[in-house]
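*Asks:* Attaching a predicted model along with its sequence, questions to come.
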Amino acid sequence: MRRGGLRWIADGLFPSGANPHGVLPALLILLALVTGLVDAVSYLGLGRVFVANMTGNLVFLGFALAGAAQMSKWASPVALAAFGAGAWSAGRVSRRATNPRRAFAAATAAHALLVAAALVVALVAGHRATAPQAALIALLGYGMGLQNASVRALGVPDLVTNVLTTTLTGLATDAPGRAALRRAASVAAMFLGALAGAVLHLTTGPAPALAAALALLVTVTLMSRRTH
């Protein structure tokens with residue numbers, strides 16, 4: 001998608017003339033698609049674990065410790081640790097950066113490299129044995145931690161890329177308007193990413209969904225570098 005189209009989408013999410021964020025709102029929608037894609041791969045292919053939704057992982061860990069046979073006792077802790085490490089790394093970069101958009105671009109580039117590494121693991125080692133599963137969870141979880149923390153530092157209102165509970169609450173309780181449109185865009189993007197990721201994973205395995213996520217991350221990286 002060309003930059004002009006992204007800017008048109010971003011401007012449409014705010015009242016006329018009130019978008020101070022350039023193309024970033026549209027880029028965050030693309031990142032919500034990435035979240036849906038990678039969580040589809042992780043939940044369906046890596047032992048019922050999320051790499052983006054840490055609330056779900058805490059619940060799954062509780063189920064596993066209670067003795068639920070179908071839940072992994074190691075996958076959720078790996079995802080939680082990797083996500084936390086990624087968020088910590090992005091937080092350090094954001095605090096030191098003079099331009100949060102540069103920090104966002106750097107974090108997204110690093111996220112793309114992590115997804116590229118995960119794609120290589122999936123192609124070479126598969127995703128069914130424990131070792132490649134752990135590697136994939138760690139790589140994808142770290143990347144999603146980077147994404148969530150770097151997006152948080154940007155401060156774009158009502159556009160989230162990882163967790164939608166608060167967003168759905170706002171949609172249900174607040175008056176209609178452009179804020180509701182931004183929230184709805186996040187919800188729709190994550191849903192479509194999850195749908196596409198599930199279809200790709202269930203029909204051909206994790207590699208196509210990871211490749212799609214990688215393409216989106218490269219696009220976001222390139223477009224965000226042009227907004228400085």
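*Replies:* Received the coordinates, thanks.
*Asks:* and stretch 94-102, how far apart are its ends?
*Replies:* Across stretch 94-102, the terminal residues are separated by 9 Å (C-alpha to C-alpha, to the nearest Å).
*Asks:* any idea how far that stretch is from the chain center?
*Replies:* Mean C-alpha position of stretch 94-102 versus that of the full chain (C-alpha atoms, centre = their mean, to the nearest Å) differs by 20 Å.
*Asks:* Could you pull up phi and psi at Ala18?
*Replies:* Geometry field for Ala18 lists phi and psi as phi -110, psi 20, criterion degrees, to the nearest 10.
*Asks:* what number of residues lie near it?
*Replies:* Residues lying near Ala18 (other C-beta atoms under 10 Å) number 9. For the C-beta atoms, the positions are set from N, CA and C on the backbone; glycine is no exception.
*Asks:* ok, now how distant is it from Leu217?
*Replies:* From Ala18 over to Leu217 the distance is 28 Å, taken as C-beta to C-beta, to the nearest Å.
*Asks:* lowest-confidence helix or strand of the chain?
*Replies:* In the chain, the helix or strand scored least confidently by mean pLDDT, DSSP states H and E is helix 3-12, which has a mean of 86.
*Asks:* What helices and strands are in contact with whichever helix or strand comes after it?
*Replies:* Using DSSP states H and E, the helix or strand that follows helix 3-12 towards the C-terminus is helix 24-45. Helices and strands touching helix 24-45, by 3 or more C-beta pairs under 8 Å, 6 or more residues apart in numbering; DSSP states H and E, are helix 3-12, helix 100-125, helix 130-154, helix 178-204, helix 206-225.
*Asks:* How about the contacts made by the residue nearest the centre of the chain?
*Replies:* The centre of the chain sits closest to Thr35, judged by C-alpha atoms, centre = their mean, with a distance of 3.3 Å. With contacts defined as C-beta atoms under 8 Å, 6 or more residues apart in numbering, the neighbours of Thr35 are Ala52, Met144, Gln147, Thr161, Asn162, Met190, Gly193.
*Asks:* List just the nearest of the residues you listed to Gly86.
*Replies:* When the contacts of Thr35 are compared for distance to Gly86 (C-beta to C-beta), Met144 comes out closest, at 6.7 Å.
*Asks:* one step back: among the helices and strands packed on helix 24-45, which is the most enclosed?
*Replies:* Taking mean count of other C-beta atoms under 10 Å as the contact definition, the stretch among the helices and strands packed on helix 24-45 with the greatest mean neighbour count is helix 130-154, which reaches a mean of 24.
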